[in-house]
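>>> Sharing a model prediction with you, sequence too.
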Amino acid sequence: MADNPLEAICTTIGRISASVQSNLSKLISIPQNPTAPTNLQVSLSTSAPPTSTASAGSYLPQPTDPHTKAGPVTREELGRATWTFIHTLGAQYPEKPTRQQKKDVKELMAIISRIYPCKECADHFKEVLRSNPVQAGSQAEFSQWLCRVHNVVNRSLGKPTFPCERVDARWGKLDCEHRMCDLQGSMTPFD
C-alpha cells in the first residue's frame, strides 16, 4: 500500500474511472461525425431521424430513461453517485481492517468534505462529520455509520431515511469472482 493515502485513493478512483469509461464506450458509441447517426442513436430516438435541415445536436441519442440526459451533472446526480461510491466502499470494507485502512477511510471522508464539487454540500458534510465521527472498526460498523450519516443528510434535505438494518441487502458486496473486488490487505490480521 502506498505511503500516501491520497495516492492509493487516486489510483483506485483512476482504475474505477477507466473501467467505467471502457465499459460505457462499449455500450454507447458517439460518432466522430455528428451528422451521421449510428444505429444505436437511431434506435434510442423516440422519433424519426432528423432531416438534413435539422441541427447537429438533434442527432444526439434521445434518452428513453428519465434518469439519462445529456449535459452537465446535477447536484442530485452527483450526490447519488457519491453515495453509491461510498456505500459500495463500505460494503467492500474489510471486517478486520488494518490501521492504515481505518486511517485511509477516515481521511477519505475528510477529503470529500474539503473538495466536494458542491460547496454547500461539502460544508454540510463537514458539520455532519464533526457531529458523527467516522466509525470504521469493521465492515459492519462502517456500513452502519455510512447509513446513519446518509440519513442525517437525507433528513436535512427533506428526503426519506433508509432503514439501516437493510443496508447489507441494498449495498452488499460486489459480485466478483475469487474475491477480486476485496480491498487490498483485507485478508491481513487485525493490527
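Right, received. Where do you want to start?
>>> Give the helix, strand or coil label for Phe125.
helix (DSSP: H, G, I helix; E, B strand; the rest coil).
>>> State the pLDDT value of it.
We have a pLDDT of 97 for Phe125.
>>> same check, this time on Gly90
Gly90 is given a pLDDT of 95.
>>> Who are the packing partners of the strand or helix carrying Glu120?
Using DSSP states H and E, Glu120 falls within helix 119-131. Counting contacts by 3 or more CB pairs under 8 Å, 6 or more residues apart in numbering; DSSP states H and E, helix 119-131 packs against helix 99-115, helix 139-156. Any C-beta I mention is one placed from the backbone N, CA and C, and that applies to glycine too.
>>> got CSV for those, with mean neighbour count too?
As requested, these are exported to CSV (neighbours: other CB atoms under 10 Å):
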stretch, mean neighbour count
helix 99-115, 16
helix 139-156, 18
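>>> In CSV: these, plus distance to Tyr93 and mean pLDDT.
Shown next, in CSV, are those (distance: least, CB to CB, whole Å; pLDDT from 0 to 100):
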stretch, distance to Tyr93, mean pLDDT
helix 99-115, 7, 97
helix 139-156, 5, 96
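>>> Now those helices in a markdown table, please, with extra columns for distance to Ala81.
Formatted as a markdown table, these follow (distance: least, CB to CB, whole Å):
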| stretch | distance to Ala81 |
| --- | --- |
| helix 99-115 | 12 |
| helix 139-156 | 13 |
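>>> nearest to Pro163, of those helices?
helix 139-156 (8.5 Å; CB to CB).
>>> Give the other helices and strands that that closest one contacts.
helix 75-92, helix 119-131, helix 167-170.
>>> With mean neighbour count and distance to Glu141 as added columns, please give those in a markdown table.
Output for the helices and strands packed on helix 139-156, formatted as a markdown table (neighbours: other CB atoms under 10 Å; distance: least, CB to CB, whole Å):
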| stretch | mean neighbour count | distance to Glu141 |
| --- | --- | --- |
| helix 75-92 | 16 | 10 |
| helix 119-131 | 14 | 16 |
| helix 167-170 | 14 | 11 |
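>>> Tell me which of those helices lies nearest to Phe142.
When the helices and strands packed on helix 139-156 are compared by CB to CB, helix 75-92 sits nearest Phe142, at 5.1 Å.
>>> Tabulate the CA atom coordinates of that closest one in CSV.
What follows is helix 75-92, C-alpha atoms only, in CSV (Å, rounded to 0.1, in the frame of the first residue of the first chain):
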residue,chain,number,x,y,z
ARG,A,75,-26.2,18.3,-7.8
GLU,A,76,-28.6,15.5,-7.2
GLU,A,77,-26.9,13.2,-9.7
LEU,A,78,-23.5,14.0,-8.1
GLY,A,79,-24.9,13.2,-4.7
ARG,A,80,-26.4,9.9,-5.8
ALA,A,81,-23.1,8.9,-7.5
THR,A,82,-21.1,9.9,-4.4
TRP,A,83,-23.3,7.9,-2.0
THR,A,84,-23.2,4.9,-4.4
PHE,A,85,-19.4,5.1,-4.3
ILE,A,86,-19.0,5.4,-0.5
HIS,A,87,-21.7,2.8,0.3
THR,A,88,-20.0,0.4,-2.1
LEU,A,89,-16.7,1.1,-0.4
GLY,A,90,-18.4,0.4,2.9
ALA,A,91,-19.7,-3.0,1.6
GLN,A,92,-16.2,-3.9,0.4
